[in-house]
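Asks: just a sequence and a predicted model for now, questions to come.
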Amino acid sequence: MPATIYVTRQLPEVALAPLRARGVVRVWDREDIIPRATLLDGVHDADALLCMVTERIDDELLAHAPRLRIVANMAVGYDNVNVPALTNRGIVFTNTPGVLTETTADLAFALILGIARRIGEGERMVRAGRWGAWSPFAFLGHDVHHATLGIIGLGRIGTEVAKRAHGFDMRILYTNRGRNAAAEERFGCTRVELPSLLRESDFVLVLTPLSADTRHLLSTPQFHMMKHSAFLINAARGPIVDARALYAALRDGLIAGAALDVTDPEPIPSDDPLLTLENCLIVPHVGSASIATRTRMATLAADNIVAFLNGTRPPTPVNSEVLS
Ligand code: DGY
């Protein structure tokens, strides 16, 4: 019997074609997120599932998918997936590391520059027809070059940001579970404890994965440790930052500004108070959103499924213990 492969979003044909060659492919081909009930119904006969960060892969879903053998997440982060639940059932789980590193680092650096130089604010003013005369004091921002950058989570993406920051002559501090000796050597990064990073940085960049340990890692006490002139940038996952505390910190001038690629919840509701603040730059979770990179992510997710169905090792397994 041919394998049934369920895909939760329309993807480039270059990624779908190898799946079609390997089994029966069913695609949720609308632009909006697949409704939960449709997904639960859709996976009832699926052998393989290619999903996005927008789908929750948990015990409830697995109970609806008795034939499932592999889940391929089209993302490097996988806080949307209960990996132990998959592992317990012997289901292989894969993600898409590596292919999005530089693109996401570019976006993180764009956020640093954007909030420091008030790009969103300036653009809003120009479009509103409020661009007055040039003045020596108009729209003054902060320099990024030679400033101190604190990176929370110096993994692949963090290291690429450090490379960019090194080019801007920035001093780079970081926290990470382990030492990143290569980044220390190549880009002069210094590993410190979180309180020191918060106290000394002009830009605090969040790149750590979301877990029980990192949920609300940054909240009121941490904002109090930061300089009043400092900026917070979140390019990881929304819930790592306590959004209510961030709003209060920005409103009260505890910190100078924030730039967010991710929010809690996503999408951010149109009446969220953060959207009323000029010193908050928000973009819609686009870290990996270049044409080439999204195509690479889709292709890698599909490659993982095809390899598994062919009885070979998927290129990027997360729970590789299931394969052995
Ligand atoms: C990832 O890969 O984790 C991104 O956040 C999804 O674009």
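Replies: Perfect, thanks for sending it.

Asks: hmm, the top helix by length along the chain touching the ligand?
Replies: What stands out as the longest helix in the chain, according to DSSP state H, is helix 291-309. No. With CB under 6 Å from any ligand atom as the criterion, the ligand is not reached by helix 291-309; the gap is at least 6.9 Å. Just so you know, the C-beta spots here come from the backbone N, C-alpha and C atoms, and that holds for glycine as well.

Asks: mind listing what's buried along that helix?
Replies: 293-294, 296-309 (16 or more other CB atoms under 10 Å).

Asks: over to stretch 158-169?
Replies: Buried-residue list, stretch 158-169, by 16+ other CB under 10 Å: 158-166, 168.

Asks: do it and the ligand meet at all?
Replies: No. Stretch 158-169 stays clear of the ligand (CB under 6 Å from any ligand atom), getting no nearer than 13.6 Å.

Asks: now do that stretch, average pLDDT.
Replies: Average pLDDT, stretch 158-169: 98.

Asks: now the residue sitting nearest the centre point of the chain: phi and psi?
Replies: In the chain, the residue lying closest to the centroid (CA atoms, centre = their mean) is Ala236, at 3.9 Å. For Ala236, the backbone dihedrals (degrees, to the nearest 10) come out as phi -110, psi -90.

Asks: check which helix or strand the residue in the stretch 151-300 of the chain that the ligand sits nearest to maps to.
Replies: Among all residues of the stretch 151-300 of the chain, Ser288 sits closest to the ligand, at 4.1 Å; criterion: CB to the nearest ligand atom. Using DSSP states H and E, Ser288 is not contained in any helix or strand.

Asks: quick check, pLDDT for it.
Replies: In this model, Ser288 carries a pLDDT of 98.

Asks: same question, Pro35
Replies: Pro35 is given a pLDDT of 97.

Asks: and the longest helix of the chain, what other elements does it pack with?
Replies: In terms of contacts (3 or more CB pairs under 8 Å, 6 or more residues apart in numbering; DSSP states H and E), helix 291-309 is packed against helix 13-22, strand 48-51, strand 70-73, strand 92-94.

Asks: go again with 7 Å.
Replies: helix 13-22, strand 48-51, strand 70-73 (3 or more CB pairs under 7 Å, 6 or more residues apart in numbering; DSSP states H and E).
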